[in-house]
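Peer 1: what shape does this take:
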Amino acid sequence: MKHLSTLNKYFWKYKKLFIAGVFCIIISNYFRVLSPQIAGFVIDAVEHKMSDVQNTVIHPTKKSSYNILVVQLIQWFELKKFSLSKIVLICSLTLFLLALLGGLFMFLMRQTIIVMSRHIEYAQKNEVFKKYLQLDMSFFKSNTTGDLMNRISEDISRVRQYTGPAVMYIINLTTTIGLSVYFMLRENVELTLYVLSPLPLLAIIIYFVNTIINKKSEKIQALLSDLTTSAQESYSGIKVIKSFVQEKVSTAFFSKKSEDYKKSAISLAKVEAIYFPAMSLLIGISTLLTIGIGSWYVIFKDNSVTAGTITEFVIYINMLTFPVSAIGWTASMVQRAAASQKRLNEFLQISPSIKDSTNATLTKVSGNIEFKNISFTYKNTGIKALHNFTLKINKGEKVLVLGKTGSGKTTLAQLLLHFYKPDNGTITIGNNDINLYTIQGLREHISYVPQDVFLFSDTVQNNI
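Peer 2: So this is what the prediction gives:
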C-alpha cells in the first residue's frame with residue numbers, strides 16, 4: 001500500500017474536487033439513513049392505531065434514538081394532530097424527497113470524484129511519457145516496447161480505478177456503515193451487537209483473501225507485459241515470420257504466453273469469487289438474526305423493541321449489503337492499483353545514464369570536431385563498435401566516413417549526439433569537451449538522419 005502514497009501529490013493538487021466529492025458522499029448517505037427511521041415510525045404508528053393507542057403516534061422511548069430531523073417531523077405530526085392516513089401520506093412524500101436528494105448528491109459525488117480521477121490519469125500519462133523522452137537509448141534497447149506500452153496504458157488505467165471508483169467506494173462504505181451502525185446502536189445496543197456479530201468473520205476473510213490477490217495481481221501484470229511484448233514483436237516482424245514460414249511457431253509461442261496469462265487470470269478470478277457468496281451469506285445471517293432476536297424481544301422481553309425497530313434494522317442491514325459486499329471488490333481494485341503503481345514508481349525512479357553534467361552550460365555548437373582515442377562497446381550485446389578511434393574535422397569541412405556494415409559509422413554519429421557515453425577517450429567541439437554542452441543545445445544544432453525509416457501517424461509535411 002505504501003506505493004500508492006506517491007499519488008498523494010495528485011489528491012492535493014485536485015483537493016477541491018476531492019473535498020467536494022467527500023462532502024457529497026456524506027450528505028447523500030445522511031439522507032439515506034433517515035429513511036429507515038421514518039419507515040419504522042410509520043410501522044409503529046400503524047401498530048399503535050390498531051392497538052387503540054391514541055395519545056401519541058410514537059413510542060415515547062424511541063424519540064431519543066431518532067435523528068433530530070425525524071424527531072421534529074414527528075413532533076409536528078403530534079402538534080397538528082394529523083390523522084394516520086395523512087401521516088402515512090406525508091411520510092411517503094418525505095421518503096421520496098430523501099431518495100431524490102440522496103440520488104442528486106450521489107450524482108454530484110460521481111461528477112467530482114470520477115472527474116478528479118480522470119485528471120489524475122491525464123497527469124500520470126503525461127508524467128510517464130515525459131519520462132520516456134528523458135531516458136537514453138540504452139534503456140530502450142534493454143526494455144521491450146510491449147512492457148513500456150503496458151505501463152502507460154494498463155498500469156495507469158488500473159491506478160485510475162483506485163483514484164476514482166475505489167476511493168469513492170471506500171469513503172461511501174465507510175460513511176454508510178458508520179452512520180447505520182451509529183443509529184442502530186442508539187436504537188438498541190444489544191440487538192445491534194447480535195446483528196453485526198458476523199462482521200468480524202468478514203474482516204478475517206478479507207484479510208487473507210487480499211494477501212492472495214496482491215500476489216496474483218503482480219504476477220498477472222508481469223505476464224500481461226510479456227504478452228503485449230510478444231504481440232508487438234509479431235506485428236512488427238510479420239514480414240519476416242511469413243518469409244520464413246514461421247506462422248505455426250509464432251502462434252505456438254504466443255499461445256503458450258496467452259495460456260499462462262489465462263491460467264493466472266482465472267486463478268485470480270476464483271479467489272475474488274469467494275467474496276460475493278461470503279457477503280451474501282453473512283448479510284443473510286444478519287437479517288435472520290434481526291428478525292429472530294427482534295421478535296424475541298417484542299414477545300418475551302420488554303417493549304424497547306417494536307415492530308418498527310425490527311423494520312428499521314432490516315432496512316439498515318439491506319442498506320449495508322452493497323457497502324459490505326463492495327469491500328471485496330474495492331480491496332481487489334486497491335491491490336491491483338498498488339501492484340501497478342509499484343511498477344510505475346520503479347519506472348519513474350530510473351535515472352538516465354545520459355544527462356547533463358553539473359557544469360554543462362554551453363548551448364551554442366561551433367568549431368572543430370575531434371574524436372580522441374574513442375572506444376565503445378554496446379552493453380546489451382557486448383559488441384565492440386569502436387576501438388581507439390581518432391578523427392579531427394575542421395570547421396567548414398565536409399567529411400565522408402566509409403566502412404563495412406558494423407564498423408561503427410552509426411555509433412560515431414550517435415556518440416556525437418550524446419546518445420551514448422564512450423568507454424574511453426574524449427569528444428570535443430570547438431576545443432570544448434562534449435560534456436560541457438547541454439544535451440538539448442547540442443542536439444538542436446546537429447542534423448541527424450537515422451538509418452531506420454519511421455513515419456509518424458501524421459501528414460508527410462508534418463513528418464518532414
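Peer 1: restrict stretch 437-446 to CA atoms and write it as PDB.
Peer 2: Output of stretch 437-446 as PDB, limited to C-alpha atoms (Å, rounded to 0.1, in the frame of the first residue of the first chain):
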ATOM      1  CA  TYR A 437      27.300  21.200 -23.700                       C
ATOM      2  CA  THR A 438      23.700  20.700 -22.600                       C
ATOM      3  CA  ILE A 439      22.100  17.800 -24.400                       C
ATOM      4  CA  GLN A 440      19.200  19.900 -25.700                       C
ATOM      5  CA  GLY A 441      21.600  22.600 -27.000                       C
ATOM      6  CA  LEU A 442      23.900  20.000 -28.600                       C
ATOM      7  CA  ARG A 443      21.100  18.200 -30.500                       C
ATOM      8  CA  GLU A 444      19.300  21.300 -31.600                       C
ATOM      9  CA  HIS A 445      22.500  22.300 -33.600                       C
ATOM     10  CA  ILE A 446      23.200  18.900 -35.200                       C
END
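Peer 1: if I look at Ala339, how far off is Leu281?
Peer 2: Distance, Ala339 to Leu281, by Cβ to Cβ, to the nearest Å: 29 Å. Where C-beta positions appear, they are placed from N, C-alpha and C, glycine not excepted.
Peer 1: comparing the two, which shows the higher neighbour count?
Peer 2: Taking other Cβ atoms under 10 Å, Ala339 and Leu281 do not tie; Ala339 has more neighbours (23 against 13).
Peer 1: and that one, what does it touch?
Peer 2: Arg158, Asn214, Ser217, Glu218, Gln221 (Cβ atoms under 8 Å, 6 or more residues apart in numbering).
Peer 1: just the buried members of the residues you listed?
Peer 2: Using 16 or more other Cβ atoms under 10 Å as the burial test, these include Arg158, Asn214, Ser217, Glu218, Gln221 as buried.
Peer 1: is it fair to say the first one lies in a strand?
Peer 2: Meaning Arg158. No: assessed by DSSP: H, G, I helix; E, B strand; the rest coil, Arg158 does not belong to a strand; its assignment is helix.
Peer 1: give me the pLDDT value at the closest residue to it other than its chain neighbours.
Peer 2: With sequence-adjacent residues excluded and distances taken as Cβ to Cβ, 6 or more residues apart in numbering, Arg158 is closest to Ser340, at 4.2 Å. Here, the pLDDT recorded for Ser340 equals 88.
Peer 1: and if you look at Val57?
Peer 2: 51.
Peer 1: can you check Glu127 too?
Peer 2: 91.
Peer 1: same check on Ser64?
Peer 2: For Ser64, pLDDT reads 62.
Peer 1: surely Leu98 touches Tyr30?
Peer 2: No: counting by Cβ atoms under 8 Å, Leu98 stays clear of Tyr30, with 9.5 Å between them.
Peer 1: quick one, what contacts Leu436?
Peer 2: Ser357, Asn359, Ala360, Thr361, Leu362.
Peer 1: if we use 10 Å, what do you get?
Peer 2: By Cβ atoms under 10 Å, 6 or more residues apart in numbering, the contact set of Leu436 is Asp356, Ser357, Asn359, Ala360, Thr361, Leu362, Thr428, Ile429, Gly430, Leu442.
Peer 1: repeat for Arg32
Peer 2: Per Cβ under 10 Å, 6+ apart, neighbours of Arg32: 98-99, 101-103, 105-106, 175-176, 179-180, 315, 319.
Peer 1: got it, and Leu73?
Peer 2: Leu73 makes contact with Leu34, Gln37, Ile38, Phe41, Tyr66, Asn67, Ile87, Ile90, Cys91, Thr94, according to Cβ under 10 Å, 6+ apart.
Peer 1: now do the contacts for the fifth one.
Peer 2: Shown in contact with Tyr66 (Cβ under 10 Å, 6+ apart): 34, 37-38, 40-41, 58, 72-74, 183, 186-187, 312.
Peer 1: which of these ranks first by neighbour count?
Peer 2: Of the contacts of Tyr66, with other Cβ under 10 Å as the count, Glu312 tops at 31 neighbours.
Peer 1: what strand or helix carries the residue nearest to Arg158?
Peer 2: helix 307-348 (DSSP states H and E).
Peer 1: pairing partners for the next helix-or-strand element following that helix, with directions?
Peer 2: Next along the chain after helix 307-348, taking DSSP H and E as the criterion, comes strand 369-377. Using DSSP bridges, the strands paired with strand 369-377 are strand 384-393 (antiparallel), strand 424-429 (antiparallel).
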